[in-house]
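# sequence? don't have it. structure:
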């Protein structure tokens, strides 16, 4: 091989070091996107106080399985909660009480569903329970015949039978005294 066609040694070393780093960065970015895609509950900068009123936002970050459009979102609050949905453009809402006394809020797309790469905030007016604690708000995202159930409990860490974090963690709200 002619000397002019040879790649300098420093360039070969840089390629050897940089290429794996670029591949690793891509893998990490992909994992971060998948791990951060979950139903999120937001308190809009205000702590939840026992027995007080507030606004809770349920954020749905993408379609089911990251690819399908969302046409329905359902969230459930325990017996001690009072909740009422706020209007969301392009969505209808319904509130009902179960036989067990839980409040269920359902939003349905009236026009275009939430696209697979879109984010939607669903706001509610609430009265927090009178007792301080951490409360779960099971949420189900429906995309036609496919459901993403954000209902898995927080087990506090991996064990021999369960991974951590869970794939579909239940959104939780910390209510202070």
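Looks like it arrived, so ask away. Just so you know, these numbers come straight off a predicted model, no measurement behind them.
# going forward, measure contacts between C-alpha atoms and count neighbours the same way
OK.
# And residue 11, what's its pLDDT?
For residue 11, the pLDDT comes out at 53.
# same deal with residue 104?
Among the per-residue scores, residue 104 holds a pLDDT of 96.
# just checking, it touches residue 96?
Yes - assessed by C-alpha atoms under 8 Å, residue 104 is found in contact with residue 96 at 5.4 Å.
# The residue lying closest to residue 118 once chain neighbours are set aside and residue 175: what is the separation?
Leaving out its chain neighbours, the residue that sits closest to residue 118 by C-alpha to C-alpha, 6 or more residues apart in numbering is residue 62, at 5.4 Å. Distance, residue 62 to residue 175, using C-alpha to C-alpha, to the nearest Å: 27 Å.
# same check, this time on residue 90
Note on residue 90: its distance to residue 175, by C-alpha to C-alpha, is 31 Å.
# With neighbour numbers in mind, choose between these two.
The neighbour count for residue 90 versus residue 175, taken as other C-alpha atoms under 10 Å, is higher for residue 175 (19 against 13).
# does the more buried one belong to a helix or a strand, and which?
Here residue 175, judged by DSSP states H and E, is contained in strand 172-176.
# name the helices or strands packed onto that strand?
On a contact count with 3 or more C-alpha pairs under 8 Å, 6 or more residues apart in numbering; DSSP states H and E, strand 172-176 meets strand 48-49, strand 133-136.
# how is the chain carved up into domains?
3-36, 40-176 (automatic domain parsing).
# Among those, show me which one is buried the most.
domain 40-176 (a mean of 17; mean count of other C-alpha atoms under 10 Å).
# roughly how far out does it sit from the chain middle?
Relative to the centre of its chain, domain 40-176 is centred 9 Å away, using C-alpha atoms, centre = their mean, to the nearest Å.
# how far does that domain stretch from start to finish?
End-to-end distance of domain 40-176 (C-alpha to C-alpha): 19 Å.
# when you give positions from now on, start the count at 43
Let's use 43 as the start, then, which means that last one is domain 82-218.
# Hmm, residue 104 and residue 156 touching each other?
Yes - assessed by C-alpha under 8 Å, residue 156 is found in contact with residue 104 at 7.5 Å.
# anything in contact with each of the two?
111-112 (C-alpha atoms under 8 Å, 6 or more residues apart in numbering).
# Now residue 210: closest residue in space, sequence neighbours ignored.
Nearest to residue 210 is residue 192, by C-alpha to C-alpha, 6+ apart, at 4.6 Å.
# ok now do that neighbour, which residues does it touch?
Residues in contact with residue 192 (C-alpha under 8 Å, 6+ apart) are 80-81, 180-183, 210-213.
# Just those: which are in strands?
Among the contacts of residue 192, the residues falling in strands (DSSP state E) are 181-183.
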